[in-house]
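**Student:** Pasting the sequence and the predicted model now:
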Amino acid sequence: MSEAITLLAMFEDLEPASEGVEKLQQLGVDDDDMNIISGIPIKHTILGRPSAITYVSRIGMFGAILGMFLGIFFIYGIPYFYPLLVGGQAIYPVPQGIIITFEMTMLGLMGFAFIGLFVDSGFPSYTPKEYTPEVSDGKIALLFSCPVNEQEKFIDALKNVGAESVAPVEARHL
Amino acid sequence: MATYAKPAARPHRHEEEHEDLRQHLMHDPLPRGQMNAMVMESMHETSPIFWVITAVLAAIVVFALGYEWYVLIMQGQGMAGVTRPDYWGVFLVNTVFWIGISHAGTFISAILRVLKVESRRPFTRAAELMTTFGLVQAGLSIFMHLGRVWITYWMFPLPNQRTIWPDFHSPLMWDLMAITTYLLCSTMYLFLPLIPDMAMARDRTEGGWLKVFYRTLALGFRGTEGEWKNLVTAMNLFAFAIIPVMFSVHTIVSWDFAMATRPGWNSSVFGPYFVIGALHSGMAAVAIVLFLLRSTMKHYKYFIRPEHFNTIGMLMLLVSMAWAYFYFNDYIVPWYGGDVWDKLFQEYTEHGPKWYLWYTMLICNIAVPWLILWNRKWRETPWLLAIAGILINVGMYLERYIIIPVGVTITRMPFTWRQYEPRIEIPMTVGTFALFLLLYMLASRIIPLIPVWEVQEGQEAHLIRKIGKAEISTLSEME
């Protein structure tokens, strides 16, 4: 393959954007070589795209398990090392264990889901990226790579399906 | 015998129906760029009155909270009204009150998101912000109550110094764990949907410290498919997970009292009763906040409409009924049981020197919402809903006052009975209210309080569809 160039096609609405995706697929652009940038979340089926994979839930579940063990350590491990009898209660009580374990499990779940968002999305990232502020004003951007010597073909094809503009894009500081 | 449908007394007119649908924010869309501009303008165009009020609030915070707390630390807890048997006074009333206020923010946002209630969209952030700032006041109030704040570290696990670890068998430690979990999780939950709006603000800000601020908090967000997928997944996970945490927090706060075998406190219904009480005061606070935002912030009349006050008003009425149900449960069982100390406690609250607090509480928490909120037109009147909100919060504050300082007066040792009168607690309480308002006002200048992307998402999903002669609102699944 010859040298590749990154182009950014701007669409006013979802309908032409989905046609733009379809056109690129017909022209042989792999799904991994294109990306939709939008100001709102769009269901992948609307644009005819494969579903994005996310690990946030799995990372969150890992955190929940970690939190659960931490909670169990707090309620049962600490009295093991530093036994303290209170009000005739058992040293290793089950009811109190449920409370502390629940709180730590939920903290682990949400804390790690939050961290998972950062890890999976590569946040924070302040390096230059291909982007246009028009996206946050409601436009839909279709970012894709194609061979340099064929870019005219891609530009024409996307303009024919309703792209407002199709132009090479350079990474910029956000 | 033939049956027939009775015609409506007053026929509907098609134009009226059409007019009604356009009154809903979801059916009155504006271009996203225009909505962004409106929200940014509302943050950056500030009248001199705003800064005067900010300065007054800051002065109150410095004096009523800063200076008075300094006096309390230097002089000791003798400056407060607490003494035997009333060791738990207004500082703990404030703690419970502010935790209650903090509840509705997350509850409204999370439960309405889980249930996909569309009218939630413009006001979730304003409500979530209440949670964070409310918890700040609750945390400060606990430290005021502690007195010797400089030895707070005694509560930390430092075995080498004190040779013991914190006792996780104590309800106070459960409380610490629950409030810490709630504060951290609700702050993260506030931040998640803020990321796209921070990116929007970043794109529309030229230079200066605000640009750096927005750029930093936007984290490099662009709105790619992967970023949205991760964000929406995290938000859904939080919305489901934070609801049981919210319930646990106020249940555990109630156990701080209910685990003691004290008359008036030792009740098995205290958990749900406290949760509903928290929602009662919190919902009412949301109504007040929405009224203030709509009245003072430019363009907010477009985003926050009577339909949103109607939603809040219905929730307030529902919660008020639930509160009355739980209060009656908590009241009737000891009343019927006839235990001498329980009876003394009830007689003391109803006929004792503070009888007027009890009656005012019942009027504010039950009579006011039931009289005002049954009527849709009244619910849709922002100032009326705000007044109902203020009165409900007065009622809920009094409820906590009756439970804590009035409650601890009635011990099983009558020779210790004594009237509690707050002293330095009063200015410091005023200080917490001033700090809450001050933080909110400052946040309204730098944080987009309207989640514009969520509003646009809702507007994209709503359509007016004609079925027969009628125009019907329809909703599509966009996420």
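**Tutor:** On my side now, so go ahead. Predicted model only: the values in this text are computed from it and were never measured.

**Student:** so A:L66 touches A:L109, yeah?
**Tutor:** No: between A:L66 and A:L109 there is no contact under CB atoms under 8 Å: 9.4 Å. Just so you know, the C-beta spots here come from the backbone N, C-alpha and C atoms, and that holds for glycine as well.

**Student:** Looking at those two, which is more packed in?
**Tutor:** Taking other CB atoms under 10 Å in any protein chain shown, A:L66 and A:L109 do not tie; A:L109 has more neighbours (28 against 17).

**Student:** can you tell me which helix or strand the more buried one belongs to?
**Tutor:** Using DSSP states H and E, A:L109 sits within helix A:94-121.

**Student:** Ok, B:G395 next?
**Tutor:** helix B:382-401.

**Student:** So which elements touch that helix?
**Tutor:** helix B:90-114, helix B:270-296, helix B:306-337, helix B:355-362, helix B:368-372, helix B:376-379 (3 or more CB pairs under 8 Å, 6 or more residues apart in numbering or on different chains; DSSP states H and E).

**Student:** Just list the residues touching residue 105, thanks.
**Tutor:** Went with chain A since none was named. By CB atoms under 8 Å, 6 or more residues apart in numbering or on different chains, the residues touching A:T105 are A:A64, A:G67, A:M68, A:G71.

**Student:** that's the wrong chain, I wanted chain B
**Tutor:** B:A127, B:E128, B:L129, B:M130, B:T131, B:T132, B:G134, B:S186, B:G282, B:V286.

**Student:** how about a cut-off of 7 Å?
**Tutor:** Taking CB atoms under 7 Å, 6 or more residues apart in numbering or on different chains, we find B:G105 in contact with B:A127, B:E128, B:L129, B:M130, B:T131, B:G282.

**Student:** again with B:I73
**Tutor:** Going by CB under 7 Å, 6+ apart, B:I73 touches B:V149.

**Student:** Compute the inter-axis angle for the helix or strand harbouring it and helix B:90-114.
**Tutor:** Assigned by DSSP H and E, B:I73 belongs to helix B:68-75. Per axes from the mean of the first three to the mean of the last three CA atoms, to 10 degrees, the angle that helix B:68-75 makes with helix B:90-114 is 140 degrees.

**Student:** for helix B:68-75, which positions count as buried?
**Tutor:** B:E68, B:W69, B:L72 (16 or more other CB atoms under 10 Å in any protein chain shown).

**Student:** How many residues are close by the residue lying closest to the last one once chain neighbours are set aside?
**Tutor:** Spelled out, that is B:L72. Nearest residue to B:L72 in three dimensions, chain neighbours excluded: B:M79, at 5.2 Å (CB to CB, 6 or more residues apart in numbering or on different chains). By other CB under 10 Å, the residues close to B:M79 number 17.

**Student:** if I read this right, B:M79 contacts B:V71, doesn't it?
**Tutor:** Yes: judged on CB atoms under 7 Å, B:M79 makes contact with B:V71 at a distance of 6.2 Å.

**Student:** what do the two both touch?
**Tutor:** When contacts are counted by CB under 7 Å, 6+ apart, B:M79 and B:V71 are jointly contacted by B:I424.

**Student:** anything in the longest helix seen in chain B near chain A?
**Tutor:** Scanning chain B for the longest helix, with DSSP state H as the assignment, gives helix B:225-258. Yes: Helix B:225-258 is in contact with chain A by CB under 7 Å from any CB of the partner chain, via B:225-234, B:237-238, B:241-242, B:245, B:248, B:252.

**Student:** tell me the phi and psi of A:M10?
**Tutor:** The phi and psi values for A:M10, taken as degrees, to the nearest 10, are phi -100, psi 140.

**Student:** who's in contact with it?
**Tutor:** A:E134, A:K139, A:A141, A:A163, A:E164, A:S165.

**Student:** B:R376 too?
**Tutor:** B:N310.

**Student:** that older thread, would you format the contacts of A:T105 as CSV with neighbour count and secondary structure included?
**Tutor:** Formatted as CSV, the contacts of A:T105 follow (neighbours: other CB atoms under 10 Å in any protein chain shown; DSSP: H, G, I helix; E, B strand; the rest coil):
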residue, neighbour count, secondary structure
A:A64, 20, helix
A:G67, 23, helix
A:M68, 17, helix
A:G71, 25, helix
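
**Student:** before we move on, the earlier item: point out the most buried one among the helices and strands packed on helix B:382-401.
**Tutor:** helix B:90-114 (a mean of 26; mean count of other CB atoms under 10 Å in any protein chain shown).

**Student:** what about chain A, any weak spots by pLDDT?
**Tutor:** A:1-2 (pLDDT under 70).

**Student:** Tell me which residue in it sits closest to chain B.
**Tutor:** A:G138 (2.9 Å; CB to the nearest CB).

**Student:** wait, isn't that residue in contact with A:S38?
**Tutor:** No: counting by CB under 7 Å, A:G138 sits too far from A:S38 to count as a contact (8.7 Å).

**Student:** Contacts only, for the spatially most central residue of chain A.
**Tutor:** Chain A has A:S121 as the residue nearest its centroid, 4.8 Å off, counting by CA atoms, centre = their mean. With CB under 7 Å, 6+ apart as the criterion, the residues that contact A:S121 are B:G226, B:E227, B:N230.

**Student:** need the contact list for the first one.
**Tutor:** It refers to B:G226. A:A52, A:S121.

**Student:** Repeat the analysis, applying 10 Å as the threshold.
**Tutor:** A:N35, A:I36, A:A52, A:I53, A:T54, A:D120, A:S121, A:G122 (CB atoms under 10 Å, 6 or more residues apart in numbering or on different chains).

**Student:** Could you save those residues as CSV and add columns showing distance to B:F309?
**Tutor:** Compiled in CSV, those are given as follows (distance: CB to CB, whole Å):
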residue, distance to B:F309
A:N35, 41
A:I36, 37
A:A52, 38
A:I53, 41
A:T54, 36
A:D120, 39
A:S121, 36
A:G122, 41
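
**Student:** give me the low-pLDDT residue ranges for the stretch 1-150 of chain B?
**Tutor:** Applying pLDDT under 70 to the stretch 1-150 of chain B flags residues B:1-19.

**Student:** Farthest pair within the contacts of B:G105?
**Tutor:** The span of these, defined through CB to CB, is set by B:L129 and B:G282 at 12.5 Å.
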